[in-house]
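S.K.: Here is my input; please provide its structure:
(2 chains, ligands or ions: 1)
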Amino acid sequence: MTDLLYGADEEALRDSVRALLVAHAPWQRTLAGLDDDEPYDAALWRLLVDQLGVTGLAVPVEHGGAGAGFREVAVVLEELGRAVAPVPFLGAAVATRALLACGDAELLGAVAAGERAVVLAVGLATAPDTRPEPVAVEPGPVLRGTVTGVADALPCDVLLVPAADGLYAVDAAAAAVRMNPVVSLDATRPLADLVLAGAPGRRVATGPAATRAVSVALTAGAGLLASEQVGLAQWCLDTTIEHVRTRRQFGRPVGSFQAVKHRLADLWVEITEARAVARHAADRLATGHPETPLAAALAQAYCGPVAVRAAEACVQLHGGIGFTWEHPAHLYLKRAKSGAVAFGTADRHRAALARLVDLAAPAPAGAGGSIGPARSNR
Amino acid sequence: MPEHTADRLRGLVAEFLRTHDPRGDRAGFLRARFDAGLAWVHHPPGHGGLGAPPQLQAVVDAAFAEAGAPDNRPRRNSIGLGMAAPTLLRHATEAQCRRWLRPLWTGEELWCQLFSEPEAGSDLASLRTRAVRDGADWVVDGQKVWTSMAHEARWAILLARTDPAVAKHRGITYFVCDMTAPGVQVRPLRQLTGEAEFNEVFLTGVRVPDAHRVGAVGEGWQIARTTLMNERVAIGGRPLPREGGMVGVLARLWRERPELRTAGLHEEVLRSWVRAEAARLSALRLRQLVAAGAPGPEGSAVKLSFAELNQRISGLEVELLGAEGLRHDDWAMRRPVEPDLLGRTATYRYLRARGNSIEGGTSEILRTVIAERVLGLPAEPRVDR
Ligand SMILES: Cc1cc2nc3c(=O)[nH]c(=O)nc-3n(C[C@H](O)[C@H](O)[C@H](O)COP(=O)(O)OP(=O)(O)OC[C@H]3O[C@@H](n4cnc5c(N)ncnc54)[C@H](O)[C@@H]3O)c2cc1C
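M.R.: Residues are numbered from 1 along each chain as shown, chains lettered A, B, ... in the order given. Sure, this is the predicted structure:
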């Protein structure tokens, strides 16, 4: 049976991550970082990697990792979501899932040791059930093509590039690799457009194995993102509750008005459910359950919109303050809205569920009453 | 006493089954199961239990079900099992527990709840039914309403005002009322579904022995809170497989009747499926928390979202069926003890589901309870205290 709770080890891990983030990643610092050119907080990322070994959590012991798993990765993501921490952990976790599928010992070891940051070179909005457009391979082998909207790419060392005949590891520092930063909605998870102008690559998986590696990695991304969304939504709720308890209008705390109370009660119900859904996805992913794609699709169909509603309520119920640059609410709003598109929108995931649980779309007009194929990617 | 483990309890059930035929006399079997402490394993010995951890109940129930043993038809006696029993166990005397718990558990005596009144629903503490002390008895006069199962019940948990002079929450006392006592009149109250699960109950000079008072005089409100809390947990507590609730009816209809499908309804069906699965997983998580000894306030979340889901899904079903969805089975006035949710037409489900957000506390009241007790938001200013 799926285990939807947190184990004692997971709670201990949460405490360490939270303590580190409280000390080193207050939102004031994240906010100040928005005006720098550095999208990520490199110092914070080093602390997470060196002190807590977050990049090795899901890597098996024989490859130098902690041999924990994706339930633990999900707990770290909850805390990172709660802090909107500007670190590339989600991208690292997705790449790790791809490397596990390929069994590439060299890169897994380097990732576990925190020596090299690897990123799957696929646009952040790519849903697990779509095949990203592969880049071209020329003899050498060298890769030529562009990939747009890749997250977590700027501070990385190695790109995992889906190409026509397999998955390639490309040195991100190579002269033929250009990364053009994009001005992104969520500046704490910035995007880049990638141009490969004949970049040398090493093939880590071929044909169907490569396709499978990309699809399980994107499934992992969709499933794990839900935990980040739960952490984010919980922060928005907690912070809003704090505010409406103390802010007074008409001679009473605004939190005593029923319109405000009921909106927050509904949000709490949704977050309570989102937590169960996100834990379910993490557990399925960790155990390699055959229903992992279903659990991940459910997670993004449900949790993404909940995080957006939480962040929108946070802005709204803070009133004018919530609309200022100085208040952190907008960091959460931008992360939530970008998360609702990352790894496919809720609508895309509902369409995926329609296929997975046999709730097919109506047959196209004129096709009679037969059970038509589910609506494909719109 | 040996430590309670799943294995030990399975052993006790096996031993019990060696001496009691699960296919023999139903009531006799259930009484013996109660006396063996295998009814509510977490109750103390003598009250149907063994003082075992509550999470072992599922093990015992499964072992009995596997042996083909009769159950006590829990849906027929939801108020007795879900609300009266936990309240009695916590607040009643030893003698009262001995009198009431066994026939309650076996289903030989059904229970109902005489709380709501025409003028006191959400604002339950404003109730006006009076109980006046007369020797060894109390004499009760008043009117209750929307009382489910009053026509079948032998006993009722009853709230009555015993001191009109003090603030409303402090003048209430909790009683157990004999529904067969002179002066208790039960009249069916027909619902919008045509049937009458609930009733009006008139209490005229009803004598309730003081021995049937639960807790101290004037402490009824505190005890009622135990009942109401258990009501919410009871409503969300049943384990369901995927598509186990109303969403299963909708999903099957969608699969079997492709000619009914439209793009807009497809979207709605998928959204409902996702919400139902989220609600189911959070109910499952609630049970895992309870089993781990850490029950949270999630029970009220589950009650609230199942009410909304049932309403949304049953409404969708009628629209999906289109012309067929307008055909109701019949409006005959039945007197069921439980609604027949899966056996009747979509229209019945649609109509009955309207009650889900009213019975057991309205969704509005539940949101306020969540906001104030769970989220710690300030109470609204009150003019009635
Ligand atoms: C199917 C069914 C079975 C029932 N079975 C029983 C039973 O067995 N025993 C029993 O004692 N009772 C029973 N009830 C009664 C039920 O508990 C009450 O109907 C319920 O508590 C609401 O009270 P009311 O009907 O007086 O509505 P009211 O309290 O008058 O409420 C009317 C409307 O106002 C809203 N409202 C009221 N106060 C507030 C507030 N402070 N803030 C916001 N909104 C508010 C309510 O949510 C509702 O929408 C049953 C009800 C139903 C529908």
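
S.K.: Can you tell me the SS state at B:Ala307?
M.R.: helix (DSSP: H, G, I helix; E, B strand; the rest coil).

S.K.: could you list every residue that touches the closest residue to chain B within the stretch 101-250 of chain A?
M.R.: Closest to chain B within the stretch 101-250 of chain A is A:Ile241: 5.4 Å, counting by C-beta to the nearest C-beta. Backbone N, C-alpha and C define where each C-beta goes, glycine included. If you count contacts by C-beta atoms under 8 Å, 6 or more residues apart in numbering or on different chains, A:Ile241 has them with A:255, A:264, B:375-377.

S.K.: go again using 10 Å as the cut-off
M.R.: For A:Ile241, the contact set (C-beta atoms under 10 Å, 6 or more residues apart in numbering or on different chains) comprises A:255, A:260, A:264, A:267-268, A:317, B:371, B:375-377.

S.K.: and of those, the nearest to the ligand?
M.R.: Proximity to the ligand was ranked across those by C-beta to the nearest ligand atom; first place goes to B:Ala371, at 10.7 Å.

S.K.: pLDDT score assigned to that closest one?
M.R.: Note on B:Ala371: pLDDT of 95.

S.K.: which ones among the contacts of A:Ile241 are found in helices?
M.R.: A:260, A:264, A:267-268, A:317 (DSSP state H).

S.K.: Whichever of those residues end up buried, select them in ChimeraX.
M.R.: Of those, the buried ones can be selected in ChimeraX as follows, counting by 16 or more other C-beta atoms under 10 Å in any protein chain shown:
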select /A:260,264,267,268,317
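
S.K.: distance of the residue nearest to A:Ala233 when sequence neighbours are not counted from chain B?
M.R.: In space, and not counting its chain neighbours, A:Ala233 is closest to A:Ala310: 3.7 Å by C-beta to C-beta, 6 or more residues apart in numbering or on different chains. As judged by C-beta to the nearest C-beta, to the nearest Å, A:Ala310 and chain B stand 13 Å apart.

S.K.: on that earlier part again, and the contacts of A:Ile241 as TSV, adding distance to the ligand?
M.R.: Shown next, in TSV, are those (distance: C-beta to the nearest ligand atom, whole Å):
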residue	distance to the ligand
A:Gly255	15
A:Val260	13
A:Leu264	15
A:Leu267	18
A:Trp268	17
A:Leu317	19
B:Ala371	11
B:Leu375	16
B:Gly376	18
B:Leu377	14
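
S.K.: Using the three-state scheme, assign the residue nearest to B:Ala36 when sequence neighbours are not counted.
M.R.: Nearest residue to B:Ala36, sequence neighbours excluded (C-beta to C-beta, 6+ apart): B:Phe16, at 5.3 Å. Three-state assignment for B:Phe16 (three-state DSSP): helix.

S.K.: quick one: contacts for B:Phe16?
M.R.: Counted by C-beta under 10 Å, 6+ apart, B:Phe16 has contacts B:22, B:29, B:32-33, B:36-38, B:60, B:63-64, B:67, B:69.

S.K.: do A:Ala175 as well
M.R.: Applying C-beta under 10 Å, 6+ apart, the residues near A:Ala175 are A:197-200.

S.K.: Mind checking which of the residues you listed land in helices?
M.R.: Using DSSP H, none of these sit in helices.

S.K.: Walking through the chain, point out its strands one by one.
M.R.: All of this is about chain A. Remark: strands assigned in chain A by DSSP state E are A:118-120, A:136-138, A:142-151, A:158-163, A:166-171, A:177-181, A:191-206, A:248-249, A:252-253.

S.K.: Actually, chain B is the one I wanted.
M.R.: B:111-114, B:130-134, B:137-144, B:155-161, B:172-178, B:184-188, B:199-209, B:213-214.

S.K.: wait, does the fourth one contact the ligand?
M.R.: No - applying C-beta under 6 Å from any ligand atom, one finds strand B:155-161 separated from the ligand by no less than 8.5 Å.

S.K.: Return the residues in contact with the residue positioned nearest the centre of chain A.
M.R.: Centroid-nearest residue in chain A: A:Leu225, 3.7 Å away (criterion: C-alpha atoms, centre = their mean). Shown in contact with A:Leu225 (C-beta under 10 Å, 6+ apart): A:74, A:77, A:81, A:90, A:93-94, A:124, A:278, A:281, A:296, A:299-300, A:303-304, A:307, A:339-340, A:342-344.

S.K.: switch the cut-off to 8 Å
M.R.: By C-beta under 8 Å, 6+ apart, the neighbours of A:Leu225 are A:77, A:90, A:299-300, A:303-304, A:339, A:342-343.

S.K.: and the residues you listed, which of them are in helices?
M.R.: With helices taken from DSSP H, the overlap with these comprises A:77, A:90, A:299-300, A:303-304, A:339.

S.K.: Just the buried residues from those residues, in PyMOL please.
M.R.: Those of the ones in helices among the contacts of A:Leu225 that count as buried under 16+ other C-beta under 10 Å are selected in PyMOL with:
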select buried, chain A and resi 77+90+299+300+303+304+339
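
S.K.: Need the ones in helices among the contacts of A:Leu225 in CSV (columns: pLDDT and distance to chain B).
M.R.: Output for the ones in helices among the contacts of A:Leu225, formatted as CSV (pLDDT from 0 to 100; distance: C-beta to the nearest C-beta, whole Å):
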residue, pLDDT, distance to chain B
A:Leu77, 98, 18
A:Leu90, 98, 22
A:Ala299, 98, 9
A:Gln300, 98, 10
A:Cys303, 98, 9
A:Gly304, 98, 11
A:Gly339, 98, 17
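
S.K.: Just the closest of the ones in helices among the contacts of A:Leu225 to B:Trp146, please.
M.R.: A:Cys303 (37.7 Å; C-beta to C-beta).

S.K.: what's the burial count for residue 270?
M.R.: If you meant another chain, say so; for now it's chain A. If you count neighbours by other C-beta atoms under 10 Å in any protein chain shown, A:Glu270 ends up with 24.

S.K.: Hmm, no, I was thinking of chain B.
M.R.: Close neighbours of B:Leu270, defined as other C-beta under 10 Å, add up to 23.

S.K.: re the thing from before, what's the burial count for the residue nearest to A:Ala233?
M.R.: Neighbour count of A:Ala310, defined by other C-beta under 10 Å: 28.

S.K.: List the residues that contact it.
M.R.: A:Ala310 neighbours (C-beta under 8 Å, 6+ apart): A:232-234, A:236-237, A:267, A:270-271, A:332, A:336.

S.K.: that older thread, single out the most deeply packed of the strands of chain A.
M.R.: Highest mean neighbour count among the strands of chain A (mean count of other C-beta atoms under 10 Å in any protein chain shown): strand A:118-120, with a mean of 27.

S.K.: which outside residues touch it?
M.R.: By C-beta under 8 Å, 6+ apart, the residues outside strand A:118-120 that reach it are A:88, A:91-92, A:94-96, A:98-99, A:107, A:110-111, A:150, A:152-153, A:156-160, A:162, A:169, A:172, A:214, A:217-218.

S.K.: Give me the buried subset of those residues.
M.R.: By neighbour count, with 16+ other C-beta under 10 Å, those hold A:88, A:91-92, A:94-96, A:98-99, A:107, A:110-111, A:150, A:152-153, A:156, A:158-160, A:162, A:169, A:172, A:214, A:217-218 as buried.

S.K.: In contact with residue 47: list those residues for me.
M.R.: All of this refers to chain A. Going by C-beta under 8 Å, 6+ apart, A:Leu47 touches A:20, A:24.

S.K.: The chain in question should be chain B.
M.R.: Contacts for B:His47 (C-beta under 8 Å, 6+ apart) come out as B:40, B:89, B:97-98, B:101.
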